[in-house]
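> The following comprises the amino acid sequence and a computationally predicted model.
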Amino acid sequence: MNLPSPSPLAAHWDLDPEVVFLNHGSFGACPKVVLEEQARLRARIEAEPVRFFVEDIERELDKAKASLGQFIGAAPENLAFVANATSGVNTVLRSLDLGPTDELLVTDHEYNACRNALDFVAARAGAAVVVAHVPFPLSSPEEVVEAILAKVTDRTRLALVDHITSATGIVMPIEEIVSRLRERGVDTLVDGAHCPGQLNLNLDELGAAYYSGNCHKWLCTPKGSAVLYVREDRQERIRPLAISHGANSPRHDRSRFRIEADWTGTHDPTPVLCIPAAIEAMGALYPGGWGELRERNRALALEGRAALLSALGQEAPCPDEMISHLATVILPEDTTPHAGPYEDPLQVALVTEHSVQVPVMRWAPLRARYLRISAQAYNSIEQYEHLAKALTALGLGA
């Protein structure tokens, strides 16, 4: 099979040339130079593990936080490293002191894993989960704001809101959502799993109580690196998922939040320690740095979406302003039972018959079926055109 060529920048990754990889959004993909930095760090640790974990690790974590904090507009003192965005969401939710009179607000676009965590803590406390329906297709960001605010009551303790939705790939108007909820005395926990590296963030300015985001997706660090932002006035109540030595530390040179979060037990810290290298490497791909990278990826996502919509004979399901590096198209419903590693038989056919790796999702809350593309520097428009032709060949064309 003649496959389309990726971008020339694909040379910076070790992606399989026999696969048209259009799914950066699920797990990311780490550039070779960042993996080399991780190998260097691992060799340093293994050369003298005691010295590294006793003498060096706190200083190295501080360096990584300083670099990331500058990149996402956050004071390093407000950051904790976690393994993934879901762990960050769990950290906040499981730290809350909830009761039977409390309500937790969420939209029906929320990522399944984080919604499960919300349901778990609510059930344990006897609290209620209130779901705001956000339509898709939708015509404007205002629809999102109105849907969320309509569900706020005087019992609402917290709102869990995506910044970029996983299944539908839309950029939520998070600044207005956070501001309007704060006016009503409601804290926001932002699920920003896709946002570091994809959007130009300023978390201190945003003002959300909590923000959890992955670094191993669009920042392209090694797998297992993510950040939890906790606003300073909320840090006293937040405890890590693993309670460890920091819980009774006599130290007073830094906050309890930092002391507890920075050491929860022995683990591989190299994914987060690679953050400075990843910021530098990805920012060097284009002369215009991260700004140009974001602009090119967004333009490619919109161009790729246009190719798919043309092949499917559809209109855009959301305005261009709500698209960044992810874009979703709606597929005909299919209730055929399916078992296997992939969620939908169409994804199996795309992988096996057309060498395309792209997610096809059945989104039960919205009773719909979607195909979501990602755009990263290694992709080319020809790859999305190949996907469009594959969909037509599989009987989904207009």
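Looks like it arrived, so ask away. Residues are numbered from 1 along each chain as shown.
> Tell me who's in contact with the closest residue in space to residue 198 that isn't next to it in sequence.
With CB to CB, 6 or more residues apart in numbering as the criterion, residue 198 has its nearest non-adjacent residue at 3.9 Å, and that residue is residue 218. Heads up, the C-betas are built off the backbone N, CA and C, glycines and all. Under the criterion of CB atoms under 8 Å, 6 or more residues apart in numbering, the contact partners of residue 218 comprise 24, 28, 194-198, 325, 376.
> Would you mind giving the residues you listed as a markdown table with distance to residue 37 and secondary structure added?
A markdown table is the format used below for those (distance: CB to CB, whole Å; DSSP: H, G, I helix; E, B strand; the rest coil):
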| residue | distance to residue 37 | secondary structure |
| --- | --- | --- |
| 24 | 20 | helix |
| 28 | 16 | coil |
| 194 | 23 | coil |
| 195 | 23 | coil |
| 196 | 18 | strand |
| 197 | 16 | coil |
| 198 | 21 | coil |
| 325 | 23 | coil |
| 376 | 19 | coil |
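> The stretch 1-150 of the chain: helices as residue ranges?
Under the criterion DSSP state H, counting those that start in this stretch, helices of the stretch 1-150 of the chain are mapped to 24-27, 32-47, 49-51, 57-72, 85-93, 112-125, 141-149.
> and which of the contacts of residue 218 is nearest to residue 252?
Within the contacts of residue 218, proximity to residue 252 (CB to CB) peaks at residue 196, which comes in at 31.0 Å.
> so that closest one bridges to which residues?
When assigned by DSSP bridges, residue 196 has beta-bridge partners residue 199.
> now, which of the contacts of residue 218 sits nearest residue 5?
For residue 5, the nearest member of the contacts of residue 218 is residue 376. The distance, counting by CB to CB, is 15.0 Å.
> Give me the nearest residue to that closest one, chain neighbours excluded.
With CB to CB, 6+ apart as the measure, residue 24 is the residue that lies nearest to residue 376, at 4.2 Å, once sequence neighbours are left out.
> thought that neighbour was touching residue 217?
Yes: contact criterion CB atoms under 8 Å: residue 24 and residue 217 qualify, at 7.2 Å.
> if you count what's nearby, which of these two comes out ahead?
In this view residue 24 and residue 217 are compared by other CB atoms under 10 Å, and residue 217 has more residues nearby, 29 against 26.
> So which elements touch the longest helix seen in the chain?
Ranked by residue count, the top helix of the chain under DSSP state H comes out as helix 289-312. Counting contacts by 3 or more CB pairs under 8 Å, 6 or more residues apart in numbering; DSSP states H and E, the secondary-structure elements packed against helix 289-312 are helix 275-283, strand 326-331, strand 368-374, helix 381-393.
> want to throw the ones you listed into JSON lines with distance to residue 55?
Listed next are those as JSON lines, based on distance: least, CB to CB, whole Å:
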{"stretch": "helix 275-283", "distance to residue 55": "20"}
{"stretch": "strand 326-331", "distance to residue 55": "42"}
{"stretch": "strand 368-374", "distance to residue 55": "40"}
{"stretch": "helix 381-393", "distance to residue 55": "47"}
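> Save these as JSON lines, and put in mean neighbour count and mean pLDDT too.
Supplementary listing: those in JSON lines, determined by neighbours: other CB atoms under 10 Å; pLDDT from 0 to 100:
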{"stretch": "helix 275-283", "mean neighbour count": "21", "mean pLDDT": "98"}
{"stretch": "strand 326-331", "mean neighbour count": "24", "mean pLDDT": "96"}
{"stretch": "strand 368-374", "mean neighbour count": "22", "mean pLDDT": "93"}
{"stretch": "helix 381-393", "mean neighbour count": "19", "mean pLDDT": "97"}
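> Of all the ones you listed, which one is nearest residue 154?
The minimum distance between residue 154 and these falls on strand 368-374, with 33.1 Å, by CB to CB.
> can I have that closest one written out in PDB, keeping just the CAs?
Only the C-alpha atoms of strand 368-374 are listed here, as PDB (Å, rounded to 0.1, in the frame of the first residue of the first chain):
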ATOM      1  CA  ALA A 368     -23.400   9.400  19.100                       C
ATOM      2  CA  ARG A 369     -20.400   8.100  17.400                       C
ATOM      3  CA  TYR A 370     -17.400  10.200  16.500                       C
ATOM      4  CA  LEU A 371     -14.000  10.100  14.700                       C
ATOM      5  CA  ARG A 372     -11.400  12.400  16.100                       C
ATOM      6  CA  ILE A 373      -8.200  13.600  14.400                       C
ATOM      7  CA  SER A 374      -5.200  15.200  15.900                       C
END
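> for that strand, packing partners?
Here strand 368-374 is seen to pack against helix 24-27, helix 289-312, strand 326-331, strand 360-363, helix 381-393 when contacts are counted using 3+ CB pairs under 8 Å, 6+ apart.
> quick one: strands adjacent to the worst-scoring helix or strand of the chain on mean pLDDT?
Comparing every helix and strand of the chain by mean pLDDT, DSSP states H and E singles out strand 360-363 as the least confident one, with a mean of 88. Strand 360-363 has the following sheet partners, assigned by DSSP bridges: strand 368-374 (antiparallel).
> For the strand it pairs with, which outside residues touch it?
Outside of strand 368-374, the residues within contact range by CB under 8 Å, 6+ apart are 22-25, 136, 167-169, 301, 304-305, 308, 325-334, 344, 346, 358-363, 384, 387, 391.
> about what we covered before: what are the buried residues along the longest helix of the chain?
Residues of helix 289-312 classed as buried under the neighbour-count rule (16 or more other CB atoms under 10 Å) are 290, 293-294, 296-298, 300-302, 304-309, 311-312.
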